[in-house]
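Colleague: Sequence and predicted structure are below.
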Amino acid sequence: MDKQQAIEEAAREVIDHGGPACLTNPREVMRAVGRALDAGASNEDIKAEMRRQRGA
């Protein structure tokens, strides 16, 4: 998985399963975010991708 794929996955997981209404295991979301950060992404990269996905 490259950096962009990891960013897209993390953003998708946060949108789908994150937030106060999270009914799934929050560790899954944090693992996806961790993979993106390990790939060299920043929190800003993930936030920008979330905005892009929400606007799509």
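Modeller: Perfect, I can see it now. Here the structure is a predicted model, which is why all the values come from computation and not from measurement. Numbers count the residues shown, from 1 in each chain.

Colleague: Now for this structure: which helix has the highest residue count?
Modeller: helix 3-17 (DSSP state H).

Colleague: just checking, what packs against the helix or strand following that helix?
Modeller: Using DSSP states H and E, the next helix or strand after helix 3-17 towards the C-terminus is helix 26-38. Here helix 26-38 touches helix 3-17, helix 43-55, going by 3 or more CB pairs under 8 Å, 6 or more residues apart in numbering; DSSP states H and E. C-beta: built from backbone N, CA, C; applies to glycine.

Colleague: Please work out which of these is packed deepest.
Modeller: Highest mean neighbour count among these (mean count of other CB atoms under 10 Å): helix 3-17, with a mean of 19.

Colleague: Quick one: closest of the helices and strands packed on helix 26-38 to residue 27.
Modeller: Residue 27 lies closest, by CB to CB, to one member of the helices and strands packed on helix 26-38: helix 3-17, at 10.4 Å.

Colleague: Name the surrounding residues that touch that closest one.
Modeller: Residues outside helix 3-17 that contact it (CB atoms under 8 Å, 6 or more residues apart in numbering) are 1, 23-24, 26, 28-29, 32-33, 35-36, 38-41, 45-46, 49-50, 52-54.

Colleague: Determine which residue lies closest to the centroid of this structure.
Modeller: The chain has residue 10 as the residue nearest its centroid, 1.9 Å off, counting by CA atoms, centre = their mean.
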